[in-house]
Structure formats: structure tokens, C-alpha cells
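Participant: Quick check, what structure comes out for this input:
(chains A and B)
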Amino acid sequence: MLPGGVFNTRYDSDLAILRTKTQWVLLAMGLILLFTAPLFADDYWLGLLIDLGIAIVAVLGLHILSGLCGLISMAQAAFVGVGAYTVAILTAQVGLNSWLCLPICALSAGLVGLVFGLPCFRLKGFYLVISTLAAHFVIIWCFEHFESVTGGFGGLHLDPLSLGPIDLRSRSAFYCLTMAVVVLATFLAKNIQRTPTGRAFVAIRDNELAAEVSGIPVFRYKMLAFFIGCLFAGVAGWLWAYYQRTVAPSHFQLIDSIWYMGMLIVGGWGTTTGVFFGAISLSFLDVLLKDRINPLLVRSLPPDWAGQISISTGLILFGSIIIAFMIFEPRGLYYRWEKLKAYYRLHPYSHVPVPVKEDEEKEGEMDDSLG
Amino acid sequence: MNQANRNKLLGDQMGMAQRLLPRGRKTILIALSVTAAGIIGCVILFYMLPAGDRDQALGAILEGILLGGVYALVALGVVVVYKSSKVFNLAHGAILMLLAYFMWWLLAPTGLPLWIALIIVAIASLLIALVIDRFLMRPMIGQSGLTTFILTMVLGFSVIQGIAVLLFKGKPQVMPPIFPSGILTVGSLSIKYPWLSAFIVAAIMFLIFVSYFRFTRGGLAMRAVSEDPIVCQSLGIAVKRISAISWVVGCLSAAAGGILLGSMFPVDQSMGNFAIIRALPVVLLGGIESIPGAFIGALMIGVAERLAGTYIDPHVTGFSQLLPFILIVVILIIRPHGLFGLREIRRI
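Facilitator: Predicted coordinates for the structure are as follows:
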């Protein structure tokens, strides 16, 4: 629902993403805050935000693939790896310009995604998930075993990134680059779901047969969803490669794909805002766990437990959180946020049940049409 | 659809509750001919080999069959849970790993006798099954299969993995020998005793589970629930209890598989992935609903893996680790419902 006193009087005001002056002011302030963060945040926080930004770009791709089109992919981390390896191989062994690699990375990840998306011609539901699961392991196996190209288990190293005279080696410069990519990716992802293509994705997600009958070429759109989703993953991989400056198979584990999926589930299935809710909340928890809770546990427990705590607490906690969201609130944090906004806007009559806004960001649960 | 077809379909569906082997002469024919073609191909290849290599090939096939028996037991757990509650349990491998670690812990650092350890592991698997069924699966009743699939995936790859690392430190361990060690020599072939014993135990347990489904009332109820849970509910079958029983059977098979795999290979953190990654093509090849299919599929996968390990690995390092995934994708593309499974009839 809209804020009080705001009415759609023209068609383009109905279409607009931002409708009130307050929203414009908030957006401008948010962007200014985002890009001036290096002035007052230290390297530790900037590093965390870069990690978060890269995760958001990858999850936005997964959001288009899984949230909009309903094709669950468990290979997103491997596709990020494809992007990262592409730039590492092209700059180290072919000597290409690193900025030229950015579109090539996106394209190569997209093409690999197309190859592994081919089974969706015949498969649906969890059969497709199994095939993407297999795709993940096949891709990682390729990283590990084509040693002459990929450097095997040791991986590859990259030279630092620079843009003309500007050296992007420092955290703050790289932070600004990452955030620029994040803003751009968000803008794209938000708008893809408002175009006919995005509508077709949603139609396929909600009812494949109905979509086919309405004249949507289902297979072609599914492949397109795979391609777009993996484009985002490739860009995330490019950022990742230059952030870490080393690329190895152990960086792209199945568990990362599960985290990406978890961010989508925790945030809310099928909304761009949900991606941000999920990624920010899980990353925040991760930091809290790694830097506050784990040291406390290590200090208070007997020393022979210390080794495994850092690995296991994260696995147990995040897994439990994702499972709890699937059981208790499958619509995710986004839905709660919308309810909170509706409560505030209706304030004296908050007890009146109001359906949450359902225009372009239809909260999609994983419904029967998928399974 | 005309009346005759509908009757045929109805008859097929009703027949399914009574027969263990799924319906359709054509399906069985295809499955048998594929198996026969595979065997004939293997035999022809075998005789084309020079005499010295024949022993190697035969040894690989034999090892593959022994390994396949254990895979069958592991895959059985997945099939049973799927049959009764339509939940594809990806946490199976992780549960297997946890229980194998538990068995090792009971035997090696604690030093309990084997039979007490076996009883404790059985009780532990029972508890795990009941907890998963009551607190994770019961609230998900009515959700799509995909949601529960992702739930078991998160459970297996994240939560149970974390618990295993926390409790058992995630280091590779060697389970104390359960079976007599040594090598049995038949002609020019040599078979490791632990592998042979593991196969025999796995086959016996598989038979016990299968005869439970085939010949008892509980098994009949389970097969009925796999057909239509709502009708079963209205006929007075306790569907929730059936689902709990199927989880118990699944976890028991995980425990047995874990102990057997632990007696063949070292027990470590990747054991769960190893098991579930083998169980997936087995289940898919056999057809997800079919128990005999799981057995035949397991033997085929085991043999294929060992043959690849013997003949392809020297040329392409680590190919046999990749093989299950290639098989998964190929099976899914060519025949998603497997050799013996049900072809999905899509309704609007």
C-alpha cells in the first residue's frame, strides 16, 4: 500500500519505483552515505562491506534465476568461480586488459550457465536442483584437474587492479568500485522484473503450463533466466578475483551456494528488497559470530575444542536459521518489513488486516507449481 | 483420454499397491534389455582384452559389485523416505557420516564391545529420525517437494555437518576392524574379507527391509501411503506414524551404510558427500520409487565406478570422482524416471 495522501493520478506515476519526495531524499542520502563511507569507516568494515557487496551481486543473479523464474540453482558459487577463473586465466596467461575481462567474465559465466541449464528442457523441480548440484561438482572438478590452465588446487594469482592512473589496490577505492557495481546490478535486477521478460519469468514460476499456453516460449525464457542469473555471478566473480587477488577451487564450495540460497530464503523469495534483507542480516550475523561469539566460546571452553568451533558454529547456526525461516516464515524478512510499514501507515487502525502490496513485487512462495 | 485408457491407467495405479515391481510390461522390457545389453557389452569387451588384463577387469567388476551392495543399502534409505512421504532426503549422507563417526567414537576412544556399540548406534539413529520427522518434517506437511528437498539439503550439508565437526573434530579416523581382515583368493582373484562381509551384510539387510515392505502390514501401509496419503488417512492409516517409521528405517539404513562404509574406507568429514553423491545416481537410475531398481542401479553404479577407476583414472586423474555427476546428468536427461520408476503423468 502507498503512504497516506499519495495517489496514482497518471500511468507513469503508477509505474515509478520512487513515488514521493521523501523516497527520493532517502535514496540520495543513502547513496551519498554509501560512497562516502571510506571517509569514516576503517579497513575492517570496508572489507566486510566489500564481501557483502559481492555476495549481493551473486544473490541478485540467483534471485532472477530462482526467485523470479523458479529454477532453483545450487551451482551459483561455481558460476561465481567461473567468472573469477576467467579473469585470472585471461590476465595471467593471455595478458588481456583487466577491464576488458569484465564483460568476458560475465559472458563466460553466462555461457557455462546455459550449458548446465540445458537439462531444464526436460527437468523440473528437484530433478533440476540435482542436475545443478551435479553441475557444481563438475565445474569444481574442472578447476581442480585442468592444472595447466587453472593451476590445480593451488589456484592462480592476479595483479592488482588499476584504472588509468588510479590504483584500485587500496580498500577504499575498491570499496567504491564494488558499491558502484552493486548499485548498477540492483538497478538492473529491479528493472528486469518490471519488463516483459521479467513478467514472463514470473509467469513461468507461477504456472508453467499457463505461461506456455499464453504464448511464452518456456524453454527459451528458462535458458534466458539461466543466462542472466549467471551473468551476475560472472560479474561477482570478477570482483571477487580482484578483491582476493588469488583464485582457488576451495574458495567456491557447495556451502557458499547454500548460503546464497539461504540469503534468498531469509530475505524473502522473489523480491529485490528481500535479497538485501537476507544478505545484510546473514552477513551481519556472520561477523557477529566470527568476531564476537566464537572468541568468547574459545576462551570459555576447554582448549581442545577451540579448533573446530570456528568451523562448526557457523554451519550449525546458519543452517538452523535458514531451516527456521523455511518452517516459520517462508515469505522471509521482506514480508515482515512490509507488514511493519503497513502497520505504521495505518497507525490508529493498525488492527485492520490489510493485504501487503502486491503489484510488481508479488511475494512468491515456493508453491506447488514448482514441485 | 478415452475410457479404455483411463481404465488402464486406473488399473495400473491399483496394481502398483500390490506389486513390488512396477507396472507396465514395456518398462520392464526396456529395463531388462538395457541391463542385458550392458552385460553383453561387458562380456564382449572382456573377451577382447588380452588374457593378462582379464583378471584386472574381473577384479574391478567384482569389487564394483561388492561396493554396489553397500550403495544399495545407502540408497534404500533415500527411497524408503521418498516412497512414504515424498521427501527426497539429501541429509541422508550427512546422517550416515555422523553415525559412522559415532560408531567409531564408541568403538575406538570409548572401547565398548561391538554389540553394545551397535545397539547404541541404532538407538541414536532412531532418535535422529524421530527428531527430524517431528520437528522438521511435520511442520512442512503440505509444502511442495522442492521446499522439503532444500530443507533436507540445508540440514545435511550445513547443520549435521557442523554438529559432526563440533563433536568429532572432523579428522579422518580409522574404525577398528569389525569384520575379519585378510584376503580371500579364488583362482587368480583376490577379494578383501571386509569388502565381502560388508556386501553380505548389506545384502541381508536389504532383503530384510524389502521383505518388510513386501510381506508385513506395516510395509503394506507404507506402500499405500506412498500412493495416496489423503485416501490412506481417511481409511484409518496413521499417515504421520508411517512417515515416522519410514524415517526410522531410513536412518537405520544410514547407520548400517555408515558402519559398512566405515569398515571399507576411513571415516572422515567427506564421507557424507561421498555416500549421498553415490546414492543420487543409484536412486535416479533405478527409478526413485523402486526398491529393486535401487539394488540393480547400485550394482551398475558400483561396477561403473570401479571400472572407471581402473581404466580411465590412469589417463585422466580423478575421473572416477567425476563419474557419478556425469551419470546423474546423463540419466536425468535421457531417462529422468529411471529404469524402473514411474513416468510422471502431468495433470493440469
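Participant: Centre-most residue in the chain?
Facilitator: Answering for chain A, as no chain was given. Centroid-nearest residue in chain A, with Cα atoms, centre = their mean: A:Val59, separated by 1.0 Å.
Participant: The chain in question should be chain B.
Facilitator: In chain B, the C-alpha nearest the mean C-alpha coordinate belongs to B:Ala75, at 0.7 Å (Cα atoms, centre = their mean).
Participant: the helices in the stretch 151-300 of chain B, which residues?
Facilitator: B:161-168, B:193-215, B:217-227, B:229-234, B:239-264, B:271-286, B:291-311 (DSSP state H, counting those that start in this stretch).
Participant: for the shortest one, the distance to its chain's centre please.
Facilitator: Yep, that's helix B:229-234 we're talking about. Chain-centre distance of helix B:229-234: 27 Å, with Cα atoms, centre = their mean, to the nearest Å.
Participant: and the host helix or strand of the residue nearest to the centre of chain A, what does it pack onto?
Facilitator: Secondary structure assignment for A:Val59, by DSSP states H and E: helix A:43-62. Packing partners of helix A:43-62 (3 or more Cβ pairs under 8 Å, 6 or more residues apart in numbering or on different chains; DSSP states H and E): helix A:21-40, helix A:76-89, helix A:171-192, helix A:218-244, helix A:254-267, helix A:272-288. Every C-beta, even on glycine, is put in place using the N, C-alpha and C of the backbone.
Participant: Contacts for the third one, please.
Facilitator: When contacts are defined by Cβ atoms under 8 Å, 6 or more residues apart in numbering or on different chains, helix A:171-192 is touched by residues A:17, A:31, A:34-35, A:37-38, A:43, A:46-47, A:49-50, A:53-54, A:56-57, A:60, A:63-64, A:68, A:161, A:166-168, A:198, A:228, A:232, A:235, A:239, A:242-243, A:272, A:275-276.
Participant: Please, a ChimeraX command that selects the buried ones among the residues you listed?
Facilitator: Here is the ChimeraX selection string for the buried members of the contacts of helix A:171-192, based on 16 or more other Cβ atoms under 10 Å in any protein chain shown:
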select /A:34,37,38,46,49,50,53,54,56,57,60,63,64,68,161,168,198,228,232,235,239,242,243,272,275,276
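Participant: any idea how far stretch A:315-325 is from the chain center?
Facilitator: Relative to the centre of its chain, stretch A:315-325 is centred 18 Å away, using Cα atoms, centre = their mean.
Participant: Please point out which parts of that stretch sit buried.
Facilitator: By 16+ other Cβ under 10 Å, the buried positions in stretch A:315-325 come out as A:Leu315, A:Ile316, A:Leu317, A:Phe318, A:Gly319, A:Ile321, A:Ile322, A:Ile323, A:Phe325.
Participant: is any part of that stretch close to chain B?
Facilitator: Yes. Stretch A:315-325 lies within reach of chain B by Cβ under 8 Å from any Cβ of the partner chain, at A:Leu315, A:Ile316, A:Phe318, A:Gly319, A:Ser320, A:Ile322, A:Ile323.
Participant: got it, and stretch A:238-250?
Facilitator: No. Judged by Cβ under 8 Å from any Cβ, stretch A:238-250 and chain B are separated, with a smallest distance of 11.9 Å.
Participant: Any stretches of the stretch 51-200 of chain B with poor pLDDT?
Facilitator: B:51-52 (pLDDT under 70).
Participant: Now do A:Trp240 against B:Glu227, distance only.
Facilitator: 48 Å (Cβ to Cβ, to the nearest Å).
Participant: more crowded one of those two?
Facilitator: Remark: of A:Trp240 and B:Glu227, A:Trp240 carries more neighbours, 26 against 14, as counted by other Cβ atoms under 10 Å in any protein chain shown.
Participant: pLDDT wise, what is that one at?
Facilitator: Looking at A:Trp240, its pLDDT reads 93.
Participant: coming back round to it: pLDDT averaged over the helix holding A:Val59 - what is it?
Facilitator: Helix A:43-62 shows a mean pLDDT of 93.
Participant: from the chain's centre, how far out does that helix sit?
Facilitator: For helix A:43-62, the distance to the chain centre is 9 Å (Cα atoms, centre = their mean).
Participant: Stretch A:98-107 now?
Facilitator: 19 Å.
Participant: Next, the buried residues of the helix or strand hosting the residue nearest to the centre of chain B.
Facilitator: Taking DSSP H and E as the definition, one finds B:Ala75 inside helix B:51-85. Within helix B:51-85, the residues that count as buried by 16+ other Cβ under 10 Å are B:57, B:59-85.
Participant: from these, which are also near chain A?
Facilitator: Contacts with chain A within the buried residues of helix B:51-85, as defined by Cβ under 8 Å from any Cβ: none are present.
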